[in-house]
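**Q** Build me a model:
(2 chains)
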Amino acid sequence: MASTATPPPPTPLSFPRPIFAALTPHPFLHAHLSASKQKQPLRANGRTAHESRQLGVNTGSLTHCNGSAVVRVGNTAVVCGVRAEILTAEEGTVDEFPASSNTNGGDEDEDEEENGYRNGAEDERERYKEISALRLLVPNVELCTGSTPALLPGNAPSAFAQTLVTRIRNLLLSTKVVGARQLRIVHAGPDASLGGDTGGPNPNREGDEVMREGGEGEGEMEIHERLVKGYWTLYIDTMFISLDGNALDAAWLAILSALSDTRLPHAYFDDELEMILCSDDAARAKKLELAGLPVPSTFAVFESDGRWGEDDDGDGEGEGEGKSWVLSDPDTFEESVCQESITVVVDCSTSTKAQIRKIEKSGGGVVDREVMKMLVKRSLERWKEWKKTLSTNSRAFF
Amino acid sequence: MAMNSDRRRINAPSGGTSAPVFARTVKEPGYIQSLRPTRTRGPDELRKIFLQTSIIPSASGSAYLEIPPSPPSSSPSPRTSLLAPPSSLKLTAALQGPKPLPRSSPFSPTLLLTTTVKFAPFATRTRRGYIRDAVERDLGVHLETALRGVVIGERWPKSGVEVVVTVLEGDEDGWWGEGGGGGQDGPGSGSGSGWGLLNVLAGCVTVASAAMADAGIDCVDLVSGGVAAVVRDADGKENGRGVMRVLDPCPAEHGHVVAACAVGYLAGRDEITTLWMKGDVGESYEALTDGATHAAAGSLSVLKEVLLEAVEANFKGQMGSQEGSKQKGKQQDVEMAG
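**A** Residues are numbered from 1 along each chain as shown, chains lettered A, B, ... in the order given. Down below sits the predicted model:
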């Protein structure tokens, strides 16, 4: 982690690195970045400005979760557990979303493949509304686990934690990675459920599975009105074990891998007991399908100040002033000295063309259109890294 | 629900949700019992302990402890039932400090120790909230008592240290359908619950002790946790005796736990810093305490080995690249001198 590779700055430091960093963080980072003229500028942590940290993912390690992941991004370590509980549909909630859930959404595939243009757009909107209005996705983040000295337990969530969780929730809802259809627990009407617990063959994307599961009643299935008896509510709890910057990317990676690891048990409405029961047969549990792979990449902009440039950087006359570096995947130290931060969310999985799903930018005016284009390019590279990590490390992604 | 009023977090649907109910557990009475794990190790045999120190770079000391269930893969690897098997105990401890107390706080001649034990929401069978509940506070107090007995507090006047233990996964209080999942009911809410908490406490003591050693806080000895219990097997077919004493009980494996005891034990000085005994102990409390100290001595051997390894690795690292390993240890020295 520590930079043994860093060439010594021109001016010899009169006190050790950690103290320099603690006393004057801004000149410290500036000295690093402007030290080597011939090569790529190196940061205090030994990375180049464009370099992100290694990703590590391990899924399915928690017992009481439907899906879980442990993620390491450099020194940031995150545990995410997805837990599914059942929200019983009451009178009011079912009536609110009848059209999208029962009739036209029923046997249409997700738009990513079939792309039914007839109802694609409004279906999407309905689906979004269903998830957000019923609050079916409940992401939460806990930072006060001793993960960083700044946040100590026993306090209410800090402004930072609240911002983080709101951003995550917005990202979950706006990118629509979890389709509402998979969360519905559908009752296929009295006829189809006669054959024991084959009850509600959920409108399934794999046609053959519907055939296998609801073998005897699939003819009627189309005719009978399906009733939404309940919803799976996904509690997405993210605990930071260790925090070293870039909390959003790490948390999102954990959430995404945990969601992709999630298996929902086969649930059906039992007419006899008049409640929703689940089959504990692991073979019948359904994997949660994610729509796309939106990947956020966070950057921080470090601006050199003319004042510091002259003071500490002996030979950095003139041209060091007003210079700025865009640092990929900033750590805590860099976040503390950088004002401007940009998060670009890209996704190349749904189609051949890459999509920009979201851009968030705050705190300064260094990044113009040209720089932003470059950042999007960098994000696309980061997307490839994510995809590689997720497909190799977690057993069930793609 | 308390969580519904929490405006700083994302809340669950307003109607509340219920955990899934599995059909076979409702319709087939003996089904749960047929899946119950059995104790395959001997009565004096502990579960394997995995311990690692220095997992959190930004903390002055940290450790991770995992105790997997006794037969690591008793069930065939692709699990056929979705009923969660007995979980392994997974704990992380982070230690922040010692750092100077804020100016506003009154003078303290010794180190102020603050301990927090927090369950992750997904730690137990029933989902937990984010706000600390009575059980967690109770565990925190027990842990503080255990650690206070070993720290040489006089060496750090006017400073405080924060020990945070996060329970990523806790031991259950019993198998499915009995005694709840260690959820909302407090430790004293009946004899049938709270057995898992003793294991959690013993784990907390061990992992916090490792974190203290990792941070280099002066202690009189290494404290370690251990649990012993008197159990009565539900079926009783394995052993005719019925009641027996076991070390490191996994409550899910035993039909009925009669009494249990957790200690924080200093093996070098043969002292107990904390003791938590529950249930119908009867005459055998000395035997139970002895058993718990034996279990603690067992976990101490792991603790010692891990710490020695960590010291060795650290020493090698220092020899290799002086700049690299200097960062963490030196920073605290400077802070304390000031």
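
**Q** Pick out the residue of chain A closest to chain B.
**A** As assessed by Cβ to the nearest Cβ, chain B sits closest to residue A:146 within chain A, at 2.7 Å. Using the backbone N, CA and C atoms, a C-beta is placed for each residue, glycine as well.

**Q** how about the nearest residue to that residue, chain neighbours excluded?
**A** Among residues not flanking residue A:146 along the chain, residue B:94 sits closest, at 2.7 Å (Cβ to Cβ, 6 or more residues apart in numbering or on different chains).

**Q** same deal with residue A:85?
**A** Residue nearest to residue A:85 in three dimensions, not counting chain neighbours: residue B:17, with 3.8 Å by Cβ to Cβ, 6+ apart.

**Q** Pretty sure that neighbour sits against residue A:87.
**A** Yes: Residue B:17 lies in contact with residue A:87 (Cβ atoms under 8 Å); the separation is 4.8 Å.

**Q** who touches both of the two?
**A** Between them, residue B:17 and residue A:87 share these contacting residues under Cβ atoms under 8 Å, 6 or more residues apart in numbering or on different chains: residue A:233.

**Q** hey, which helix or strand in chain B has the poorest pLDDT?
**A** helix B:322-337 (a mean of 41; mean pLDDT, DSSP states H and E).

**Q** What strand or helix carries residue B:298?
**A** For residue B:298, the host element (DSSP states H and E) is helix B:285-320.

**Q** Off-centre distance for that helix?
**A** Remark: helix B:285-320 is offset 15 Å from the chain centroid, using Cα atoms, centre = their mean, to the nearest Å.

**Q** Check which helices and strands that helix is in contact with.
**A** In this structure, helix B:285-320 makes packing contacts with strand B:50-53, helix B:195-215, strand B:223-232, strand B:243-247, strand B:256-266, strand B:271-279, helix B:322-337, judged by 3 or more Cβ pairs under 8 Å, 6 or more residues apart in numbering or on different chains; DSSP states H and E.

**Q** okay, the angle between that helix and strand B:256-266?
**A** For helix B:285-320 against strand B:256-266, the angle by axes from the mean of the first three to the mean of the last three Cα atoms, to 10 degrees is 50 degrees.

**Q** Could you list the buried residues of helix B:285-320?
**A** B:288-289, B:291-296, B:298-300, B:302-303, B:306-307, B:310, B:314 (16 or more other Cβ atoms under 10 Å in any protein chain shown).

**Q** now stretch B:203-211
**A** So, applying 16+ other Cβ under 10 Å, buried residues of stretch B:203-211: B:203, B:204, B:205, B:206, B:207, B:208, B:209, B:210, B:211.

**Q** wait, isn't the third one in contact with residue B:145?
**A** No: applying Cβ under 8 Å as the test, residue B:205 and residue B:145 come out as separate, 9.7 Å apart.

**Q** Common neighbours of these two, please.
**A** Counting by Cβ under 8 Å, 6+ apart, the shared contacts of residue B:205 and residue B:145 are B:264, B:274.

**Q** any residue of stretch B:110-123 up close to chain A?
**A** Yes: using Cβ under 8 Å from any Cβ of the partner chain, stretch B:110-123 reaches chain A at B:116, B:118, B:120, B:121, B:122, B:123.

**Q** So of these, which two are at opposite extremes in space?
**A** Using Cβ to Cβ, the pair of the residues of stretch B:110-123 next to chain A lying farthest apart is B:116 and B:122, separated by 18.3 Å.

**Q** follow-up on the earlier one: distance to residue A:40 for the helices and strands packed on helix B:285-320 - can I get that in a markdown table?
**A** As requested, the helices and strands packed on helix B:285-320 are exported to a markdown table (distance: least, Cβ to Cβ, whole Å):
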| stretch | distance to residue A:40 |
| --- | --- |
| strand B:50-53 | 34 |
| helix B:195-215 | 35 |
| strand B:223-232 | 49 |
| strand B:243-247 | 57 |
| strand B:256-266 | 52 |
| strand B:271-279 | 54 |
| helix B:322-337 | 21 |
